[in-house]
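Trainee: pasting the sequence and the predicted model now:
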Amino acid sequence: MTHSLTLYLLRKIQAQRYMSEIDYENTTYALEILLINLFKSVQVYAVAFVFGVLFETFLMNLAYVFLRIPAGGWHAKSSRNCSIFGLVVFVGIPVFLKYSLFTFSFNWLLLLSSIVLLIVFLYAPSDTEKNPLVSMSERKKKKRKALFSAFLVVCLSLFFVAAKTSTLLITGLVIESLLIHPFFYKLTKRSYKNYENYQTEQ
């Protein structure tokens with residue numbers, strides 16, 4: 001459905017008239033991903049509202065997305081699996097944290113933050129089969145942005161917000177850091193460093 005809607009929108013603005021074939025393909029991919037994420041977000045937030053964790057889901061998702069934009073990472077193979085993952089992670093975890101009244105101590109927050117920063121430093125950005133990061137300069141740029149994003153959320157979590165909020169923010173970072181780790185790619189039988197299959201661009 002999203003692919004058909006993507007093509008329809010591009011036809012409406014007559015994108016092919018002023019785009020090269022490569023630009024058109026890239027735009028099609030980016031727009032389709034945007035629409036998929038939009039639909040999934042509506043689904044997740046609707047369920048979060050039903051379970052009374054809308055704000056908690058928003059905080060955790062905010063930290064996750066803030067790091068994911070530059071860091072990239074694993075994607076589910078199917079739309080169904082993506083939906084299940086989103087609901088389990090972004091509704092299930094906030095429900096548990098809210099109703100169990102669980103929060104991380106400062107020492108745990110510090111430890112998890114250090115692990116996140118180390119993983120981001122070592123492995124960000126991570127690409128996918130459909131969207132390999134061929135350009136070396138682009139990978140370096142994304143790594144810097146990912147480190148900055150993670151560091152910003154970590155500082156906010158450790159020094160400026162309450163323990164409940166810190167727990168949600170750091171949990172969002174932890175989830176994203178797991179999704180860029182090569183072990184997670186191996187665990188889900190997905191290829192890692194897909195850019196190595198292409199001629200490296202500077």
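Mentor: Structure received. These numbers come from a predicted model, not from an experiment. Numbering: from 1, shown residues only.
Trainee: please count neighbours and contacts with C-alpha atoms only from this point.
Mentor: Will do.
Trainee: in the protein, which helix is the longest?
Mentor: Ranked by number of residues, the top helix in the chain under DSSP state H is helix 21-50.
Trainee: show me what it is packed up against.
Mentor: In terms of contacts (3 or more CA pairs under 8 Å, 6 or more residues apart in numbering; DSSP states H and E), helix 21-50 is packed against helix 2-12, helix 54-71, helix 79-87.
Trainee: give me the pLDDT for the residue most central in space within the chain.
Mentor: Centroid-nearest residue in the chain: Arg68, 3.4 Å away (criterion: CA atoms, centre = their mean). pLDDT for Arg68: 93.
Trainee: was I right about it contacting Glu176?
Mentor: Yes: with contact defined as CA atoms under 8 Å, Arg68 reaches Glu176; the gap is 6.3 Å.
Trainee: how's the protein carved up into domains?
Mentor: Domain assignment for the chain by the TED database gives 1-51, 52-200.
Trainee: look at Ile22 and say how many residues are nearby.
Mentor: 9 (other CA atoms under 10 Å).
Trainee: and it, what does it touch?
Mentor: Ile22 makes no contacts at all, as judged by CA atoms under 8 Å, 6 or more residues apart in numbering.
Trainee: swap in 10 Å and give it another go.
Mentor: By CA atoms under 10 Å, 6 or more residues apart in numbering, the residues touching Ile22 are Thr28.
Trainee: ok, it to Ser114 distance?
Mentor: Ile22 sits at a distance of 40 Å from Ser114 (criterion: CA to CA, to the nearest Å).
Trainee: run a quick neighbour tally on Arg58.
Mentor: Quick fix: residue 58 is Phe, not Arg. Neighbour count of Phe58, defined by other CA under 10 Å: 19.
Trainee: show me what contacts it?
Mentor: Contacts of Phe58 (CA under 10 Å, 6+ apart): 44-45, 48, 64, 90-91, 94, 168-169.
Trainee: with those residues in mind, which one is nearest to Val134?
Mentor: Tyr64 (23.9 Å; CA to CA).
Trainee: sorry, back to before: in CSV: the contacts of Phe58, plus distance to Gly72 and neighbour count.
Mentor: CSV is the format used below for the contacts of Phe58 (distance: CA to CA, whole Å; neighbours: other CA atoms under 10 Å):
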residue, distance to Gly72, neighbour count
Val44, 20, 22
Tyr45, 22, 20
Ala48, 24, 22
Tyr64, 11, 24
Phe90, 18, 27
Val91, 21, 27
Pro94, 23, 26
Leu168, 20, 27
Leu169, 18, 27
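Trainee: fine by me, thanks again.
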